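S.K.: Pasting the sequence and the predicted model now:
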Amino acid sequence: MLNKIITDIKREKSYSNVSNKIIRKLDNKILMPIIESYLRENKIDLNSRKQYENAVKEIRKNLEQVYGAFNPEIKKRNLLLKQLKKDPLNKEIYKKILNTHVSSKERLEDYEEIYKKIFEITGEPRTILDLASGINPVSIPFMNLKEINYIAVELNKEDIRFLKEYFSIIEPVYNIHSEVLQKNLIENNNFPESDICFIFKALDNLETLKIGISRRLLKSISTKYFVISFPTKTLYRKNLNVKRLAWFNKLVKHPIKFKTKNEIFYIVKKENIY
């Protein structure tokens, strides 16, 4: 079944340049948990052609969200980066870049309000650690900070390459000192100290891949505040219910919460992680 799903994923034109090697790397740690989670949550009959095709489509979409391996917008993003180099103060270019990634696209119109609410509680940070960052650092101009040390942690090589080039453009403009680190959050728990640690829309996915990883990860990080977010809908577009986050609510005490249309944010002091 795995080989058939891989074949069907690659039939999509946008994914045809992705090697089997990359996809197969995901089989045990990422692909199979996603398949199992999808089948369990949706009670799919794989003998039904229609249900199977829908399942492959959803799994392909979720692989992009969890791993970032297949992003048909990469070419567009790279062209926008060239524009940014010529005009690094143009916030419309930042918005267009953020629009090329699933997660940042969903919070695009809320970024300034999100950061305003966060910093009202935490105070202005000197150092931000952004885990599973994707291209979220492109939102830095909407933070309205005078100076910042920004550490982006990502697994995907293409996002790593992009972020390094991006930071080389904006560092002198926005008074930023940056680091871009390639780490697997499941296997690595060694991170620089920070004032705030962002974990946007990643913790639930990590917990699906390895039960209990969240506590170990949060305990290992030296920071003053965590800002952790979850989508308001599951990967399969169902409303996120209270039971789905029961494991997380057992990990934290006295969180401060706020919502946007697509996301719920928890601001938690490090000392309040059980």
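M.R.: Cool, got the structure.
S.K.: Spatially nearest residue to residue 99, not counting backbone neighbours?
M.R.: Leaving aside its chain neighbours, residue 99 sits nearest to residue 105 (5.1 Å; criterion: C-beta to C-beta, 6 or more residues apart in numbering). No exception for glycine: its C-beta is placed from N, CA and C like everyone else's.
S.K.: what's the spacing between residue 139 and residue 84?
M.R.: 13 Å (C-beta to C-beta, to the nearest Å).
S.K.: Report the set of residues contacting both of those two.
M.R.: Between them, residue 139 and residue 84 share these contacting residues under C-beta atoms under 8 Å, 6 or more residues apart in numbering: residue 94.
S.K.: how long is stretch 186-197 from one end to the other?
M.R.: From its first residue to its last, stretch 186-197 covers 16 Å (C-alpha to C-alpha, to the nearest Å).
S.K.: what's the average pLDDT for it?
M.R.: The predicted model gives stretch 186-197 an average pLDDT of 90.
S.K.: same thing with stretch 137-148?
M.R.: 96.
S.K.: Off-centre distance for it?
M.R.: Distance of stretch 137-148 from its chain centroid, counting by C-alpha atoms, centre = their mean, to the nearest Å, is 18 Å.
S.K.: and what of stretch 267-274?
M.R.: Put simply, stretch 267-274 sits 21 Å off its chain's centre (C-alpha atoms, centre = their mean).
S.K.: And stretch 177-189, by the same measure?
M.R.: Worked out by C-alpha atoms, centre = their mean, stretch 177-189 lies 13 Å from the chain centre.
S.K.: List the buried residues for that stretch?
M.R.: 178, 180-181, 185 (16 or more other C-beta atoms under 10 Å).
S.K.: which ones among these are found in strands?
M.R.: Members of the buried residues of stretch 177-189 lying in strands (criterion: DSSP state E): 178, 180-181.
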